[in-house]
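Peer 1: got a sequence here, can you model it:
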Amino acid sequence: MQDKIIKNLIDTIQASVDSFNKNIPGIQQQIFDDILSLTKELELSNGKIKNNVNNLKLILKIKSKLQRIILSKEYKDNIKKFIESYTQVDGLHNQYFAAYQKKKTTNQVEKLNLIKESSITQTVYSLTESGLNINLIDPVESILRQNITSGASYADLQSQIRTAILSDGVNLGGLERYTKQITTDAINQYSRQYMQTVASDLKFEWYVFVGSEKTTTREWCHVMVAKKYVHISELDTIVKGIVDGHKCAIYKKTDLPFGMIPGTNAQSLLVNAGGYNCEHHFYPLPASEVPKEVIDKFKNKGKKPEPVQQPEPAKKPQQKPTSDKIDLSAAKPVKTLKDAEKLLLENKTQISSWFNNTEFKSLGITYKANSNAQTDLDGNIWLSPSKANYFIQALQKIQNGLDLSVNEEMSFATMWHEIWHNRNQSDQAPLMTNSETKYMELGNEFVARKTLDEFFDKFGVPLKSKSLKNDRDDTGYNTMVKNYDRLIEHFKVDPEKILAYLSDKMTNGDYTEVKKYLIEAILSENKDLKKKDVSMGVTNAARLRNTSFNQLYAIR
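Peer 2: Numbering: from 1, shown residues only. This next block holds a predicted model:
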């Protein structure tokens, strides 16, 4: 019975991935044909692409065309259909666990709903504008820009675009490679996380590793399929590539078996399995369903003669270690903004260094139009209703050991932005002109997003969406900060040293002088630059759109 459900589950997941991706090759071909047609408008000289304004403007036209082709109504409908497959998968999840559990607990239902919401949100984000821009459209734009600004040959440009977009018979095309990985990982990891969550509630300690063998099957997955039955106590060793004495090849950069997602450990292995594009699964089961010979072998594995007991030396009394982390596991469940406020108040010691002239005092709601959040620089912070809800959900998920969605991580970024304001040494919020405020927010958002890992680390979780350190489109300051990032690249100065300089100034400096600090930060790292050029760059960063700024300050 369970084998049949497992097969149906694997088949349903695979069918949903195949259904979504079956039309992608056709979209790729249309993208290539249309780009090729538009590039014929490029102005050439002896077969070389001219580096001029008209050609650079054509990049914007091509980028816009790309977005329209990919994000068609058919593509969006395909996403909706893929999301609906989660309901089919849930039905099979319920059938699987019906043999072991009569009814889910309220807490279990809440956790599973959060897992599903998080997975769907992240999937939609990855398959639509933001994810596609970062992983497909921006790289194509970069190819066009590099070839135009370097005066490359038109033939070379065509070849590079073909390689980036189309399949060559061996490797998948750019869009197909991206969407296949996203859809495969999204629904497989969701299913594995669902299984692991319920198994933990049922206190199951055994899993069966199941999946088909292909020519692309990784070594680790191959030996795991042969092993089949896994006890949770073995995960620490298995994740290191040692499976029943067999040592898998290790990728030096991650110190994990080839293909595994960086950072995978014994806890996340049950969700990540073999890594990106892995279609294998850990299915939980009670010990009563594990073959007796497997259990006997497991019990006897590694047994050694009992050592002679030596009297233990007297132990010195140990002091309870203090941690600089916020321990959510010991806190009451966070259900409201007041609960979140209480959590921060109870951890004043851990966050005291963030509030230089005051301490954290309160967390409330702001209804100011077009505002994510506000602070008075005196320890009081107000979040918009949507940011407050996502912040609460984020804390709930951390308490339950679940991954955060992009929106939840962005609520953390918003909170961190306001905390950075409170790091400033000013006794009170200064009176500033509109221009001074603009540069002050640019500087504050720059240091906040570049140090965002610090905030997540305080809660003992990693920042999953690393792109938020460079691009956060939920804030009105995004354009300015991305422009300043481009300026740092343009002038070839060390971004880490710029961050260190501005972190000091945004903490100890005068908020009305931030434009000067933004200029000084760059000049201090490159004495050969002219102040007027850097000053104009900072001015343009605060007033121009990204596309116009990027054309003006192309990377040299």
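
Peer 1: all helices of the stretch 1-150 of the chain, in order?
Peer 2: Using DSSP state H, counting those that start in this stretch, the helices of the stretch 1-150 of the chain run over residues 2-21, 24-39, 53-70, 73-97, 106-127, 129-132, 138-149.

Peer 1: of all these, which one is nearest residue 201?
Peer 2: The closest of the helices of the stretch 1-150 of the chain to residue 201 is helix 106-127. By Cβ to Cβ, the value is 5.4 Å. Quick note: C-beta positions are derived from backbone N, CA and C, even for glycine.

Peer 1: buried residues in the closest one, which are they?
Peer 2: 108, 111-112, 114-120, 122-127 (16 or more other Cβ atoms under 10 Å).

Peer 1: how about those, which pair is most distant?
Peer 2: 108 and 127 (28.7 Å).

Peer 1: so where's the stretch 401-550 of the chain uncertain?
Peer 2: Filtered on pLDDT under 70, the stretch 401-550 of the chain yields the residue ranges 426-430.

Peer 1: list the contacts for the most centrally placed residue in the chain?
Peer 2: Nearest to the mean C-alpha position of the chain, by Cα atoms, centre = their mean, lies residue 465 at 2.1 Å. Residues near residue 465 by Cβ atoms under 8 Å, 6 or more residues apart in numbering: 406, 409.

Peer 1: so it versus residue 410, what's the distance?
Peer 2: Using Cβ to Cβ, to the nearest Å, residue 465 is found at 8 Å from residue 410.

Peer 1: any idea where the strands of this structure begin and end?
Peer 2: All strands of the chain, identified by DSSP state E, fall at 44-45, 48-49, 206-210, 229-231, 242-243, 246-247, 250-251, 256-257, 281-285, 362-365, 373-375, 380-383.

Peer 1: Serialize those to a markdown table and add fields for mean pLDDT.
Peer 2: Output for the strands of the chain, formatted as a markdown table (pLDDT from 0 to 100):
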| stretch | mean pLDDT |
| --- | --- |
| strand 44-45 | 92 |
| strand 48-49 | 92 |
| strand 206-210 | 95 |
| strand 229-231 | 95 |
| strand 242-243 | 94 |
| strand 246-247 | 92 |
| strand 250-251 | 88 |
| strand 256-257 | 92 |
| strand 281-285 | 95 |
| strand 362-365 | 92 |
| strand 373-375 | 92 |
| strand 380-383 | 94 |
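
Peer 1: tabulate these in CSV, adding columns for mean neighbour count and distance to residue 146.
Peer 2: Shown next, in CSV, are these (neighbours: other Cβ atoms under 10 Å; distance: least, Cβ to Cβ, whole Å):
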stretch, mean neighbour count, distance to residue 146
strand 44-45, 12, 16
strand 48-49, 18, 10
strand 206-210, 20, 45
strand 229-231, 19, 48
strand 242-243, 18, 44
strand 246-247, 13, 43
strand 250-251, 16, 30
strand 256-257, 24, 33
strand 281-285, 21, 42
strand 362-365, 16, 46
strand 373-375, 19, 38
strand 380-383, 22, 41
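
Peer 1: distance to residue 515 for those - can I get that in TSV?
Peer 2: Supplementary listing: these in TSV, determined by distance: least, Cβ to Cβ, whole Å:
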stretch	distance to residue 515
strand 44-45	41
strand 48-49	37
strand 206-210	58
strand 229-231	59
strand 242-243	57
strand 246-247	58
strand 250-251	46
strand 256-257	46
strand 281-285	55
strand 362-365	31
strand 373-375	21
strand 380-383	25
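
Peer 1: between those, which gets nearest to residue 190?
Peer 2: Short answer: strand 281-285, nearest of the strands of the chain by Cβ to Cβ, at 11.3 Å.

Peer 1: which helices and strands does that closest one pack with?
Peer 2: Applying 3 or more Cβ pairs under 8 Å, 6 or more residues apart in numbering; DSSP states H and E, we find strand 281-285 packed against helix 2-21, helix 174-201, strand 206-210.

Peer 1: let's see that with 7 Å instead.
Peer 2: Secondary-structure packing of strand 281-285 (3 or more Cβ pairs under 7 Å, 6 or more residues apart in numbering; DSSP states H and E): helix 174-201, strand 206-210.

Peer 1: residue 243 is nearest to which of the ones you listed?
Peer 2: Across the helices and strands packed on strand 281-285, closest to residue 243 is strand 206-210 (Cβ to Cβ), at 9.8 Å.

Peer 1: direction included, what does the closest one pair against?
Peer 2: strand 229-231 (antiparallel), strand 281-285 (antiparallel) (DSSP bridges).

Peer 1: picking up where we left off before, out of the strands of the chain, which gets nearest to residue 99?
Peer 2: strand 281-285 (9.4 Å).

Peer 1: let me see the domain layout of this structure.
Peer 2: 2-202, 204-299, 328-552 (automatic domain parsing).

Peer 1: quick one: low-confidence parts of the stretch 101-250 of the chain?
Peer 2: Within the stretch 101-250 of the chain, the ranges that satisfy pLDDT under 70 run 170, 215.

Peer 1: where's residue 178 relative to residue 126, distance?
Peer 2: Applying Cβ to Cβ, the value for residue 178 to residue 126 is 8 Å.

Peer 1: now residue 229
Peer 2: Note on residue 229: its distance to residue 126, by Cβ to Cβ, is 34 Å.

Peer 1: before we move on, what about residue 537?
Peer 2: Where residue 126 is concerned, residue 537 sits at a distance of 33 Å (Cβ to Cβ).

Peer 1: then residue 405?
Peer 2: Where residue 126 is concerned, residue 405 sits at a distance of 11 Å (Cβ to Cβ).

Peer 1: one more: residue 154?
Peer 2: Counting by Cβ to Cβ, the gap from residue 154 to residue 126 is 33 Å.

Peer 1: same check, this time on residue 111
Peer 2: 23 Å.

Peer 1: go on, residue 232?
Peer 2: 30 Å.
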